[in-house]
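Novice: predicted model and sequence below, questions to follow.
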Amino acid sequence: MMPQQLTDKEIAGDILAGTKLSASSYLQAVLEAQDPSIRQTFKDYQDQCLEQHEKIFRYMQDQGWYKVPMNQEP
């Protein structure tokens with residue numbers, strides 16, 4: 001039996017989820033870091049994650065794979 005290949009949509013979704021988790025983890029590290037230089041390093045890594053997240057989000061949105069739900073007023 002051949003392993004099932006992932007689609008581009010699934011791969012992009014996995015990358016998006018990974019960048020969300022990484023950014024969240026770096027935020028936690030920023031909040032807990034006592035040393036200012038280490039805190040700044042974590043902030044820099046978080047910024048990189050956020051940039052990567054935006055790129056993959058835009059790619060998925062352009063492909064029609066990620067639809068942002070619209071809030072409806074009650």
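Specialist: Thanks, I have it. Residues are numbered from 1 along each chain as shown.
Novice: residue 53 against residue 18, yeah?
Specialist: No. Using Cβ atoms under 8 Å as the test, residue 53 is too far from residue 18 to be in contact (9.2 Å). Where C-beta positions appear, they are placed from N, C-alpha and C, glycine not excepted.
Novice: higher neighbour count, those two?
Specialist: Comparing residue 53 with residue 18 by other Cβ atoms under 10 Å, the one with more neighbours is residue 53, at 18 against 14.
Novice: quickly find the element holding that one.
Specialist: Residue 53 is part of helix 36-63, with elements assigned from DSSP states H and E.
Novice: helices or strands next to that helix in the packing?
Specialist: If you count contacts as 3 or more Cβ pairs under 8 Å, 6 or more residues apart in numbering; DSSP states H and E, helix 36-63 packs onto helix 8-32.
Novice: other SSEs contacting the helix it packs on?
Specialist: helix 36-63.
Novice: helix 8-32 and the helix it packs on, what's the angle between them?
Specialist: Orientation check (axes from the mean of the first three to the mean of the last three Cα atoms, to 10 degrees): helix 36-63 against helix 8-32 gives 160 degrees.
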